[in-house]
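1. give me a model of this one.
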Amino acid sequence: MKKRKQKLLYRPVGIALGALSGAVASAAFKKAWKIVSDKDDAPDPGDEDRRLGEILLAAAIQGVIFSVVRAAVDRGGAVVVRRMTGTWPG
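-> Coordinates of the predicted model:
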């Protein structure tokens, strides 16, 4: 029962951390793409004028950045919860 309550209490924290990680990852991707391609906007899979290689490279970079940022933010949030409550969330 205690574990269930902890999960419910951590859920809003997890949602907030998810939004934060999305914003951080989006900003990081925009900067990374500008460095990699010298273009301000990343290609969209539906962009007819962009090459497939460029589209796949953008998707790969974006995926890596989003995964790493999300893992770092989730882990950091769990560590903070453990320090505050003495138990690991979830």
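2. ok, longest helix in this structure?
-> If each helix of the chain is counted by residues according to DSSP state H, the longest one is helix 2-37.
3. which element follows that one toward the C-terminus?
-> For helix 2-37, the following helix or strand on the C-terminal side (DSSP states H and E) is helix 52-85.
4. picking that back up, buried residues in the longest helix of the chain?
-> Neighbour-count burial for helix 2-37 flags Gln6, Tyr10, Gly14, Leu17, Ser21, Val24, Ala25, Ala28, Phe29, Ala32, Trp33 (criterion: 16 or more other C-beta atoms under 10 Å). Backbone N, C-alpha and C define where each C-beta goes, glycine included.
5. residues contacting the spatially closest residue to the second one that is not a sequence neighbour?
-> Going back to what we said before, that points to Tyr10. The shortest distance from Tyr10 to any residue other than its chain neighbours is 4.1 Å, reached at Pro89 (C-beta to C-beta, 6 or more residues apart in numbering). The contact partners of Pro89, by C-beta atoms under 8 Å, 6 or more residues apart in numbering, come to Gln6, Lys7, Tyr10, Val13, Gly14, Gly77, Ala78, Val81, Arg82.
6. so the third one is in contact with Val81, correct?
-> Just to be clear, that refers to Tyr10. Yes. Using C-beta atoms under 8 Å, Tyr10 is in contact with Val81, at 6.2 Å.
7. other SSEs contacting the helix or strand of the chain with the lowest mean pLDDT?
-> Lowest by mean pLDDT, DSSP states H and E among the helices and strands of the chain is helix 2-37, with a mean of 86. Packing partners of helix 2-37 (3 or more C-beta pairs under 8 Å, 6 or more residues apart in numbering; DSSP states H and E): helix 52-85.
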